[in-house]
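Undergrad: Predicted model follows, preceded by the sequence.
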Amino acid sequence: MLRRSYRIAGPLLGLSAVCLLITTVPLELWPTPRPGDSYVFDPPSFSAIWVQQTLRPGLIISANALLAVGLTAVFRRDSPSMSNLQRALAFGALFGAGACVLGTLLFTTAGPNDIGRELTAFLIWALAIPLIVIGLVGWGIGYLRADSTRLGAALTVPPVLAVAYIGLSMAGIDLSPAGRLLLVVPTSGMALVVGHDLWTDSNTSEER
């Protein structure tokens with residue numbers, strides 16, 4: 001019964017991927033008014049300004065929260081078969097993911113002059129991102145060593161690409177706007193692969 005309960009995390013991860021992909025739609029493709037136009041106090045729904053100020057932050061928070069829930073489901077399902085090191089790394093990744101959601105929530109709800117809230121969010125991100133990167137890579141390598149190639153690659157590739165993107169950005173190489181896709185698309189792919197794994201594993205368990 002407990003194993004079957006993991007099924008719901010599969011569609012949640014799929015929804016997380018959809019939320020992330022929507023945030024990659026360029027603002028130029030949304031209706032006017034757009035950022036840079038004359039100031040609009042109450043932008044209409046689904047206008048470019050409304051998407052930038054309201055939709056994107058909400059989608060990012062929702063996607064991160066759903067991804068954390070899905071990864072937690074995988075951890076609970078596979079924890080008994082993990083080594084102590086893999087379990088510790090996975091737990092670190094989950095802790096970092098939860099902290100990242102908190103940091104994103106603080107940053108997106110900060111007022112125009114709320115510097116303290118923004119600095120707190122950046123500090124949380126600075127602590128959470130290394131935990132996520134190291135944790136996911138170690139967690140994924142554990143699956144690769146156990147011949148779970150698809151799940152291992154899904155967890156390992158996105159953080160490696162994220163580190164590459166950050167490194168190139170710090171080196172002064174401008175990758176925008178395509179560079180943002182290096183962060184969003186692999187993460188969306190991870191959510192879809194992990195969600196599919198949870199869904200099919202639950203279906204198989206029911207058939208047995």
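TA: Perfect, I can see it now. Numbers count the residues shown, from 1 in each chain.
Undergrad: Could you use CA atoms for every contact and neighbour count after this?
TA: Will do.
Undergrad: Point to the residue nearest the middle of this structure.
TA: In the chain, the residue lying closest to the centroid (CA atoms, centre = their mean) is residue 64, at 4.5 Å.
Undergrad: where's that one relative to residue 72, distance?
TA: Separation of residue 64 from residue 72 (CA to CA, to the nearest Å): 12 Å.
Undergrad: Residue 161 now?
TA: Noted for residue 161: a distance of 22 Å to residue 72, by CA to CA.
Undergrad: neighbour-wise, which of the two wins?
TA: Neighbours were counted for residue 161 and for residue 72 using other CA atoms under 10 Å; residue 72 has more, 20 against 16.
Undergrad: wait, isn't the more buried one in contact with residue 96?
TA: No - Residue 72 is not in contact with residue 96 according to CA atoms under 8 Å; the separation is 11.8 Å.
Undergrad: Can you name every helix or strand that the helix or strand hosting residue 120 contacts?
TA: In this assignment (DSSP states H and E), residue 120 forms part of helix 115-145. The criterion is 3 or more CA pairs under 8 Å, 6 or more residues apart in numbering; DSSP states H and E, and the helices and strands that helix 115-145 contacts are helix 84-108, helix 149-170.
Undergrad: what comes into contact with the shortest one?
TA: Pointing back at helix 149-170 there. The contact list for helix 149-170 (CA atoms under 8 Å, 6 or more residues apart in numbering) reads 132-133, 136-144, 174-175, 179, 182-183, 186-187, 189-190, 193-194, 197.
Undergrad: repeat that for 6 Å
TA: With contact meaning CA atoms under 6 Å, 6 or more residues apart in numbering, helix 149-170 is reached by 133, 136-137, 140-141, 143-144, 183, 186-187, 190.
Undergrad: what's stretch 119-128 in contact with?
TA: 96, 99-100, 103, 106-107.
Undergrad: ok, now with 8 Å
TA: Contacts of stretch 119-128 (CA under 8 Å, 6+ apart): 95-97, 99-100, 102-104, 106-107.
Undergrad: Output the below-cut-off pLDDT ranges for the chain.
TA: Residue ranges of the chain with pLDDT under 70: 1-5, 36-40, 174-179, 202-208.
Undergrad: go again using 80 as the cut-off
TA: Scanning the chain for pLDDT under 80 picks out 1-6, 34-42, 110-114, 166, 168-182, 201-208.
Undergrad: For residue 118, see how far away residue 112 is.
TA: In terms of CA to CA, residue 112 sits 10 Å off from residue 118.
Undergrad: Likewise for residue 139?
TA: Counting by CA to CA, the separation of residue 139 from residue 118 is 30 Å.
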